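**Student:** structure here, sequence nowhere to be found:
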C-alpha cells in the first residue's frame, strides 16, 4: 500500500508512503480515501492525522502518471481533498521536509496543519506551464493573504515553513528537534472535540483596493512571462478569490487548468521536465551499477574551456590540479578563474568564505607527475587528433589505475582517443559547453570500450556538477554539433540564395532561439568552424558547404575576438552591427557562383534551419548515437538555446506533425543544394505510420 493506516489511542494516522516524494498517484489517493472512511467508521477514533513517510509530506502529483489516464482517475485529487474537508472528525496535516503542489493542496484541505521548521512549501505548477488545479489558487490566498500567495503561485518558488509561521497556513510550528508525530498527536487530542471544524474555504480574502494591486500584478507578470501563458492565468485565478464565491472560484480554476494543460507551452515544459529525468537512465547500465569515487580532479589545459571545467569541480567542492605546459599560460588561466569568482562576488552571488574555499581547492602545475593520483582527469587541449594523442599517451603513463581519463573533444573520435591508451575501458568523452562554468549541458560520449561503471560514474558526476548529462555514442560531432552542422550549412546556403546575416538571425531569434547562427558564430569564433570545415573537405569531400564562411575567415573576420565577423563590432560594445563589407561580399559571391538572389520568407528560414537539424537527428536516433528523441531535445534545450516553450527540435517536429516536416524537406530538396535534403529513413517511416519521435 502507498498509504498506510494505523490507530494510536484515539488518533488514526494515515502515512503517505510512495517514494521518493510520496507522489499522489492513483493508488496513494485510493488508500488515503479508504483510510479516512475507515477512521470515520471507527467510533474509537476522535481525530485523523495525515503525514508522509521518508523525506517528504508530499511532493504533489506522481510524475510517473503524467499524461496517463491514472492522473485523472477516481478518486481524483479533488475527491481526496473533498473527502478530507468534509470529514466529520478533525483532519490534521503533519508536515515535514516537502509539501509542494498537490501535497500542499491536500494540506490546505485539512482542518489543521502542524509543521516542522525547514519544510519547503510551494505550489510550483507554473514551472510546468500549469496552475495549481486542486484548489491551491483558491485556498492559499485565504491563509497567506492575496499578495504573498500570488507571489508564491506565480513564481513557483519554495518558501521555508518557519517563514510562514505567523500566517494562518500553520496552526502550530513545532520546535526543530521535536518528534513530528508525537507533536501532531498532542495537537490532535487538543482539538478533537472542537466544533465547528475550521475550513480554509470559509475564510475571506480581504485586500483593500485589490483592483489596483491585481492590475499592477497583471502588467508586471505579462512583461516578465514572455511566451508562457501560465503566469498570467495564475493571476486571474488568484483574483477570483476576491471576486467570486469559493465554489465559483474552484470551477474557474479548473477551467483554466484544463485550458493550460492543452497548450503547447505546457506540453513542452512537461516534456522537458520528464526528459531531464529520463536522460540519466541507460538501458544496459542498471541503477545499482557501482560508481567510482571522485574525490579529486585534474584538468589539462588552462584556456577558456579548461578554466571553466575546473570551476565546475571547484563549485562542487572537488579539489582540482590545473596543468599547463608554460608558466605564463598557467598563471593566466588561474588569474581568469580568480577574476570570474571575484565578479560573482561583486554581484553578491558568492560569499567571501565560499570564494576562499573554492580558491583553496585549486592548484596549478607544469608537470604530469603531479596529477597522477587524481580520480579523474579531463583533457581540454586544442581540437586536433595529434595533440590529443600526445596527451593521452602521457596520461596512460602517469595516471593511477582506476582513474577516469576524459576528453572534452567536441567532434573527434573517442574510440581513437581511447586506443592511444592501454586502458580504453577508463576513457570517456565529457563534452562541456562554453562557457563551461555556466552551460547546463554535458554530453557524455560512450566509447565502444567504455566501462559501464565509468559511464555510471560520469552520469553521477554530472548531477554533482549540476549539469544535465546526456549520453551519446561516437560519431563526428556527437549529437549536438553533428546537428548544428546541418543548421549552419543551411544558414550558409540561405546567404547564397538571397538572405543577409541579419535577416537569418532575426527570423530564428523571433522563433525563440537565444541567438541566430551568425551572431553565434561571431561569439564562438568563426575560425573554429573554418578549422572543422577544412578537415571535412579532406575527410568528406561529398559534403557541400557555402563558401561565404571561408571567404569571411580569409578576410580575418573571426568574430567578436577580432572586432569583426559576420557583423561589425565597436570597442567595449558587444552589439552586432550589420556590415556593408560582408553584405557586399555575400552578394558578389552569389553572382560569382551564378545564383540569382531572391526574396526569402522568415518561415522558409526557420523551416530550413530547424528541419535540417531534425532530419539529421532522425539519422542519429536510427544509428543509436542517441538513445531516445527526448535526449536530443535535452541537448538542444540545455546547450544550444532552443526555445524551451517549443520543447526541443524533436518535440517541435512532433507538434508540427511529421508528415508536414517531411513535405517541407521534400520541397527544399528540389531547390539549391537539394542533396543536403535526403529524408532520413526513420522520418519517412514514422510519417507514413502517423507516429511521432517522442511517441
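**Tutor:** Sure, I can see it. All values reported here derive from a predicted model rather than from experimental measurement.
**Student:** show me where the stretch 1-150 of the chain has its helices.
**Tutor:** Along the stretch 1-150 of the chain, counting by DSSP state H, counting those that start in this stretch, helices occupy 26-41, 77-85, 102-109, 136-144, 146-155.
**Student:** my bad, should have said the stretch 251-400 of the chain
**Tutor:** 264-278, 304-315, 327-346, 352-360, 385-398.
**Student:** coming back round to it: now, of the helices of the stretch 1-150 of the chain, which is deepest in the fold?
**Tutor:** helix 102-109 (a mean of 27; mean count of other C-beta atoms under 10 Å). For every residue, glycine as well, the C-beta is placed using N, CA and C.
**Student:** residues in contact with it?
**Tutor:** 21-22, 24, 50, 52, 56-61, 77, 80-82, 84-85, 91, 93, 95, 99, 113, 121-123, 132, 134-136, 139-140, 143, 169, 200 (C-beta atoms under 8 Å, 6 or more residues apart in numbering).
**Student:** flag the shaky bits of the stretch 351-500 of the chain, pLDDT-wise.
**Tutor:** Scanning the stretch 351-500 of the chain for pLDDT under 70 picks out nothing.
**Student:** the chain now?
**Tutor:** For the chain, no range has pLDDT under 70.
**Student:** how is the chain carved up into domains?
**Tutor:** According to automatic domain parsing, the chain comprises the domains 3-261, 297-472, 480-689.
**Student:** among those domains, which comes closest to residue 282?
**Tutor:** domain 297-472 (5.9 Å; C-beta to C-beta).
**Student:** isn't residue 123 right up against residue 132?
**Tutor:** Yes - using C-beta atoms under 8 Å, residue 123 makes contact with residue 132 at a distance of 4.6 Å.
**Student:** so for those two, which residues contact both of them?
**Tutor:** Common neighbours of residue 123 and residue 132 (C-beta under 8 Å, 6+ apart) are 101, 105, 140, 153.
**Student:** wait, isn't residue 230 in contact with residue 260?
**Tutor:** Yes - taking contacts as C-beta under 8 Å, residue 230 lies within contact range of residue 260: 5.6 Å.
**Student:** now the common contact residues for the two.
**Tutor:** 129, 130, 131, 266.
**Student:** out of these, who's the most crowded?
**Tutor:** Highest neighbour count within these: residue 131, with 30 neighbours (other C-beta atoms under 10 Å).
**Student:** OK, contacts around it?
**Tutor:** 125, 137, 153, 230, 233, 234, 237, 253, 256, 257, 260.
**Student:** the residue lying closest to it once chain neighbours are set aside sits in which helix or strand?
**Tutor:** Excluding its sequence neighbours, the residue lying closest to residue 131 (C-beta to C-beta, 6 or more residues apart in numbering) is residue 234, at 4.9 Å. Using DSSP states H and E, residue 234 sits within helix 230-243.
**Student:** who touches that helix?
**Tutor:** By C-beta under 8 Å, 6+ apart, helix 230-243 touches 125-126, 129-131, 137-138, 141-142, 146, 149-150, 153-154, 205, 207, 210, 214, 217-218, 221-222, 224-225, 248-249, 252-253, 256, 259-260, 265-266.
**Student:** which parts of the stretch 501-650 of the chain are strands?
**Tutor:** Per DSSP state E, counting those that start in this stretch, the stretch 501-650 of the chain carries strands over the ranges 567-570, 573-578.
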